[in-house]
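1. Based on what follows, work out the 3D shape:
(one chain, ligands or ions: 2)
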Amino acid sequence: MQRSASCSCGQLTINVSGEPGFVVACNCLKCQKRTGSVFGVSAYFEDTQVDSVTGNATLFEKVSDSGNLSKRHFCPECGTTVYWQGASLPDKTGIAVGCFSDPNFPEPEMVVWTSSKHGWVTYPDAWLSSDTQEFDRSS
Ligand SMILES: [Zn+2]
Ligand SMILES: [Zn+2]
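-> Ligands and ions are numbered 1, 2, ... in the order given. Alright, predicted model coming up:
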């Protein structure tokens, strides 16, 4: 399956093929800042699944809550962070699930950094859960 994720203005798009390796909801404070929401949902693909990127991206480098460098690519026009690479997940590209504009996108199977989760947020019991980044799969 081929999918495209794009920013708010549509200038920046990343095109991927195949299914994501995993999808994760992250409550870390960095994801809260990145999204402006109270958690981020990320889909991770192998770099080899990235077919193309169109438009211009600005790079923002940030040390994540796990202490690893994260390289985020955002649209310089509208500011949406669309995709990123993290040192803790070499050879993988994380993509903001909301940027796919697809309510039928595969559901996350895990949630990380519940230590900084807002109290009113609950997740399905079936998901794996970690206080920190036990699965080493957060951005
Ligand atoms: Zn944009
Ligand atoms: Zn996070």
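
2. who's in contact with stretch 70-80?
-> Residues from elsewhere that reach stretch 70-80, judged by Cβ atoms under 8 Å, 6 or more residues apart in numbering: 7-9, 11-12, 30, 34, 53, 55-64, 81-87, 96, 99, 139. Bear in mind the C-beta positions are built from the backbone N, C-alpha and C, glycine included.

3. My read is that residue 115 contacts residue 129, right?
-> No. Between residue 115 and residue 129 there is no contact under Cβ atoms under 8 Å: 10.8 Å.

4. So between those two, which is more surrounded?
-> With neighbours defined as other Cβ atoms under 10 Å, residue 115 and residue 129 compare such that residue 129 has more, 16 against 12.

5. Pretty sure residue 109 is one of the things that one touches, is it not?
-> No. In this structure, residue 129 is not within contact of residue 109 by Cβ under 8 Å, at 10.6 Å.
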